[in-house]
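Student: have a look at this prediction, sequence included:
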Amino acid sequence: MIQRVQSIYLFLAILCLGATCTGLEFFRFVQSSNAFSFNVFGIEAIIDGSTTEIYKSIPIYLSVIGMCLFMFMTLMSYKDIKRQLKWARSLTFLYFIIVVASMVYFYVGGKVFFKGEFTTELGLGYTLLVAGLPFCFLAQLGIKKDKKLLDSLNRLR
């Protein structure tokens, strides 16, 4: 299992996505002394630079943990290559949907909180979220290559 390159890619994707569960900030909307920070636990309001309170509790960490478990199940289904390929394709698609949804919220979300001028800042959590997508895609390509190799060996028998 560990000698296959897709295992390493899936493990790196699990690490990237799992690191966001520590509360790393995805992005922040800032206007003068007020700011709204978005992470896996929800949206935090930062007023006057010091006080922090949960503005809106959105349990995104449940979907992040679910995706990590789905990646782990895909990693551990190496004995059934067809199922692993099917799960890897759906995993890459779901991960892509999550990344696109976070991009849309990044560009549109600040208008929900502020009227007028505001700035947006990206955080380390967003970088890790986006960094896991190529690892999922590369794992899918590795699984496809293994399936092709096994099918060619079966033809020779």
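Tutor: Good, I have the coordinates. Residues are numbered from 1 along each chain as shown.

Student: Ser77: neighbour count?
Tutor: By the criterion of other Cβ atoms under 10 Å, Ser77 has 17 neighbours. Using the backbone N, CA and C atoms, a C-beta is placed for each residue, glycine as well.

Student: separation between it and Glu117?
Tutor: With distances taken as Cβ to Cβ, to the nearest Å, Ser77 is found 50 Å from Glu117.

Student: repeat that for Tyr105.
Tutor: Distance from Tyr105 to Glu117, by Cβ to Cβ: 19 Å.

Student: out of the two, which sits in the more crowded spot?
Tutor: Set Tyr105 next to Glu117 and count neighbours by other Cβ under 10 Å: Tyr105 wins out with 14 against 8.

Student: what's the nearest residue to that one if we skip its chain neighbours?
Tutor: Phe38 (7.4 Å; Cβ to Cβ, 6 or more residues apart in numbering).

Student: give me the secondary structure label for that neighbour.
Tutor: strand (DSSP: H, G, I helix; E, B strand; the rest coil).

Student: tell me where this protein has strands.
Tutor: 27-31, 34-39, 42-47, 51-57, 119-122 (DSSP state E).

Student: now, of the ones you listed, which is deepest in the fold?
Tutor: strand 34-39 (a mean of 21; mean count of other Cβ atoms under 10 Å).

Student: ok, the helix-or-strand element of the chain with minimal mean pLDDT: who's next to it in the sheet?
Tutor: In the chain, no helix or strand scores lower on mean pLDDT, DSSP states H and E than strand 51-57, which sits at a mean of 69. Note on strand 51-57: by DSSP bridges, its sheet partners are strand 42-47 (antiparallel).

Student: residues contacting the residue nearest to the spatial centre of the chain?
Tutor: Residue closest to the mean C-alpha point of the chain, counted by Cα atoms, centre = their mean, is Leu129 at 4.1 Å. Applying Cβ atoms under 8 Å, 6 or more residues apart in numbering, we find Leu129 in contact with Cys16, Leu17, Thr20, Phe26, Ile98, Val99, Ser102.
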